[in-house]
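**Q** for reference, the sequence and a predicted model appear below.
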Amino acid sequence: MTERVKAASLVAVQTAIEHADDPRILEVTIDLGKLEGMWALLFGRREDKQREHTRLVADPWRPLIDRDAVAAMVDTFRAASASPKPTATATTSARKPSPRRKPCCPSGTTCACT
């Protein structure tokens with residue numbers, strides 16, 4: 001019995017004691033207990049499915065996001081494209097802003113002519 005079911009059972013018993021003079025209190029208490037049990041079953045199934053699906057997604061995903069595997073993929077890509085590895089200064093230095101384009105059209109506007 002889970003903590004949630006125990007707590008619900010205690011509340012149901014307290015309610016039954018407080019309303020002992022009501023002729024239908026026993027029926028209502030039993031119905032609430034059945035409902036709580038159904039919800040516990042439903043949530044238990046849901047949690048099982050969530051665990052199963054998480055495992056089904058996470059198991060193939062973990063090797064893809066492994067730090068060493070990602071570094072190896074980047075190294076392989078750089079070697080294939082013949083691009084040099086970035087240096088410590090290249091990765092930490094700020095990029096220089098590109099120079100503004102000068103107007104090239106007679107109207108003085110900037111365009112893509114050049």
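**A** Arrived safely.

**Q** longest helix in the chain, by residue count?
**A** helix 25-65 (DSSP state H).

**Q** what mean pLDDT does that helix get?
**A** For helix 25-65, the mean per-residue pLDDT is 83.

**Q** does anything pack onto that helix? Which helices or strands?
**A** Here helix 25-65 touches helix 3-18, going by 3 or more CB pairs under 8 Å, 6 or more residues apart in numbering; DSSP states H and E. The way it works is simple: take the backbone N, C-alpha and C, and place the C-beta from them, glycine included.

**Q** the helix it packs on vs helix 25-65, what angle?
**A** 170 degrees (axes from the mean of the first three to the mean of the last three CA atoms, to 10 degrees).

**Q** residues of helix 3-18 that come out buried?
**A** 8-9, 12, 16 (16 or more other CB atoms under 10 Å).

**Q** per-residue confidence for Phe77?
**A** Phe77 is given a pLDDT of 91.

**Q** returning to that earlier point: nearest to His53, of the buried residues of helix 3-18?
**A** Using CB to CB, Ala8 is the member of the buried residues of helix 3-18 that lies nearest His53, at 27.8 Å.

**Q** lovely, talk soon.
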